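K.L.:
sequence unknown, structure follows:
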């Protein structure tokens, strides 16, 4: 699979796929409003979503990207779309003072006043939907969430390349954690070292064309030690690491590279580990390995989850399962498909998944192994790195 590195080519082809799918859904146009889908369509991902930004995609013709004035310069520099318009928050000659009137202008300009227009019901506020109905009373609004959800499920070569770089960022954070961890250090101090290493790795993968992007890895660093390691999503706090602690680290919550996120979790024991810690780590390691051995086109998402749960139950730890086997990764922390009972999605090449079996023994400790992969024509490839076959002792 060749990697398309030209951003304009990638996004124009992406827009063509969206428009093709829109026609199959009977849509004359679509208004994209959710921040991650705005990024997916426009390539503009670093705005702070406190003002409405949206894209109008006609079934034929040029896209229009609408932003607030304070985001206009940044949008023009980072988006591939030529038609970028802005609204203001104060009177300015020739400009609308709110996003809705600007959208109405574009709808009329493109002859869509009586069209069937797709909206994202899953994320659009009811108040915004009512305003949309008022500004285009003769249009028919139809939920179009499925269009982008299904297209985003299969990653392009361009996206897989970004996710591989995201994986390198996550792994760099993990390696830095191992280097600094010691008794007496606070959880958040380990997290700080991890975040610094992640940012440096992100920056090392930037090129001259990335002058308007940031390598900073934001978000929440998850790290818990000792009894806190049985908490599946705990922020790094003031708790000090102690000899014999189980330490759990998850790197999913950070923006790893240009808006893309992989799932990646690891554990280590500080100085020493109990026999049960070794045992549970081995169960999780073998469970993940078994699931990965079954990953290939045509495999059913729910089957993978069921197989791993049965294995953990057979080992005597079924009551300590707290979540599904995994989920899709990409722009959002969790994307389709879910590797869980009830999701019978058949895996396809280009799907990118986090596979994350875990055992959490409440108020004792927990272990999770999470890696991200890309489904290939005959199996999978890692977006992160294969885990250590035995519990690391630091």
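P.N.:
Received, thanks. What you are looking at is a predicted structure, and each value in this text was computed from that prediction instead of being measured.

K.L.:
just say helix, strand or coil for the residue of the chain positioned farthest from its centre.
P.N.:
Most distant from the centre of the chain: residue 93, at 39.9 Å, with distances by C-alpha atoms, centre = their mean. Classification of residue 93 using DSSP: H, G, I helix; E, B strand; the rest coil returns coil.

K.L.:
quick one: contacts for residue 286?
P.N.:
For residue 286, the contact set (C-beta atoms under 8 Å, 6 or more residues apart in numbering) comprises residue 311. Using the backbone N, CA and C atoms, a C-beta is placed for each residue, glycine as well.

K.L.:
repeat that for the one 4 residues further on.
P.N.:
Contacts of residue 290 were listed using C-beta under 8 Å, 6+ apart, and they are 307, 308, 311.

K.L.:
and the helix or strand of the chain with the lowest mean pLDDT, what does it pack onto?
P.N.:
Least confident helix or strand, the chain: strand 222-225 with a mean of 90, by mean pLDDT, DSSP states H and E. If you count contacts as 3 or more C-beta pairs under 8 Å, 6 or more residues apart in numbering; DSSP states H and E, strand 222-225 packs onto helix 187-204, strand 246-250.

K.L.:
could you pick out the buried ones from the contacts of residue 290?
P.N.:
308, 311 (16 or more other C-beta atoms under 10 Å).

K.L.:
I'd like the contacts of residue 290 as TSV, with pLDDT and secondary structure appended.
P.N.:
Putting the contacts of residue 290 into TSV (pLDDT from 0 to 100; DSSP: H, G, I helix; E, B strand; the rest coil) gives the following:
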residue	pLDDT	secondary structure
307	97	helix
308	98	helix
311	97	helix
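
K.L.:
which one of the contacts of residue 290 is nearest to residue 347?
P.N.:
Ranked by distance to residue 347 (C-beta to C-beta), the contacts of residue 290 are led by residue 307 at 13.7 Å.

K.L.:
which residues sit against the least confident helix or strand of the chain?
P.N.:
With C-beta under 8 Å, 6+ apart as the criterion, strand 222-225 contacts 177, 187-188, 190-191, 194, 230-231, 233-236, 239, 241-242, 245-253, 270, 366.

K.L.:
just give me the residue right at the centre of this protein.
P.N.:
Closest-to-mean residue, the chain, C-alpha atoms, centre = their mean: residue 332 / 2.8 Å.

K.L.:
where's residue 80 relative to residue 261, distance?
P.N.:
22 Å (C-beta to C-beta, to the nearest Å).

K.L.:
the more surrounded of these two?
P.N.:
Under the criterion of other C-beta atoms under 10 Å, the comparison of residue 80 against residue 261 puts residue 261 first, with 26 against 19.

K.L.:
report the mean per-residue pLDDT for the one helix or strand residue 40 maps to.
P.N.:
Using DSSP states H and E, residue 40 sits in helix 35-42. Helix 35-42 carries an average pLDDT of 95.

K.L.:
that one packs against which elements?
P.N.:
Identification of packing neighbours for helix 35-42 by 3+ C-beta pairs under 8 Å, 6+ apart yields helix 7-24, strand 54-58, helix 145-153.

K.L.:
apply 7 Å and report the result again.
P.N.:
On a contact count with 3 or more C-beta pairs under 7 Å, 6 or more residues apart in numbering; DSSP states H and E, helix 35-42 meets strand 54-58, helix 145-153.
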